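Trainee: compute the structure for the input listed below.
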Amino acid sequence: MKAITIGIMPQDHIRARMLAVAKGEIKVKPGDPRIWFTSMRSLAEVLSDENRALLKVISQTHPDSIAALAVTTGRSPGNLSRTLKTMSNYGLVEMQAVHLRKVRPVAKATEFRILTAA
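Mentor: Purely as a prediction, here's the structure:
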């Protein structure tokens, strides 16, 4: 699995960069971050030791539902669902629809490259 590049910059810098990319003033290079956090603290909350372990379990076991992942990890489905939703919002997990009310979590990466703005 390929490592995901994550960037850390203040919100106003992220917004300005996104607008510059949309206007064509900046070209996104292959190694540029696709996921942005506004602080190391927010990154640490999302990529905590527990959440990185969760990504590894998802990557290794390929669960077919959140309920199956809950059984594997011993976490409650509600807590797990909230964590996966947050990670999905950042693009770290993809939630694939399997049936009407059943989704399957897929880890997008288990390794990360973190770049910070000075």
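
Trainee: state the distance from the spatially most central residue of the chain to K102.
Mentor: Geometric centre of the chain, nearest residue: L92, 2.0 Å, by CA atoms, centre = their mean. Counting by CB to CB, to the nearest Å, the separation of L92 from K102 is 21 Å. (Glycine included, C-beta is placed from N, CA and C.)

Trainee: contacts for the helix or strand bottoming out on mean pLDDT in the chain?
Mentor: None of the helices or strands of the chain scores lower by mean pLDDT, DSSP states H and E than strand 93-99, at a mean of 89. Around strand 93-99, the neighbours that count as contacts under CB atoms under 8 Å, 6 or more residues apart in numbering are 55, 58, 64-65, 84-85, 87-88, 103-108.

Trainee: which of the residues you listed has the largest number of neighbours?
Mentor: The most crowded member of the contacts of strand 93-99, judged by other CB atoms under 10 Å, is P105 (25 neighbours).

Trainee: can you name every helix or strand that the host helix or strand of it contacts?
Mentor: Assigned by DSSP states H and E, P105 belongs to strand 102-107. Applying 3 or more CB pairs under 8 Å, 6 or more residues apart in numbering; DSSP states H and E, one finds that strand 102-107 contacts helix 49-61, helix 66-73, strand 93-99.

Trainee: mind checking the ones you listed for the one nearest to A20?
Mentor: Closest to A20 of those is strand 93-99 (CB to CB; 27.5 Å).

Trainee: can you point out the buried residues in the closest one?
Mentor: The neighbour-count check on strand 93-99 (16 or more other CB atoms under 10 Å) flags V93 as buried.

Trainee: gap between that strand and the chain center?
Mentor: With CA atoms, centre = their mean, to the nearest Å as the basis, strand 93-99 stands 14 Å off its chain's centre.

Trainee: phi and psi next, for the residue lying closest to T86 once chain neighbours are set aside.
Mentor: Distances taken as CB to CB, 6 or more residues apart in numbering place V46 nearest to T86, at 6.3 Å, with adjacent residues excluded. Main-chain torsions, V46, degrees, to the nearest 10: phi -80, psi -40.
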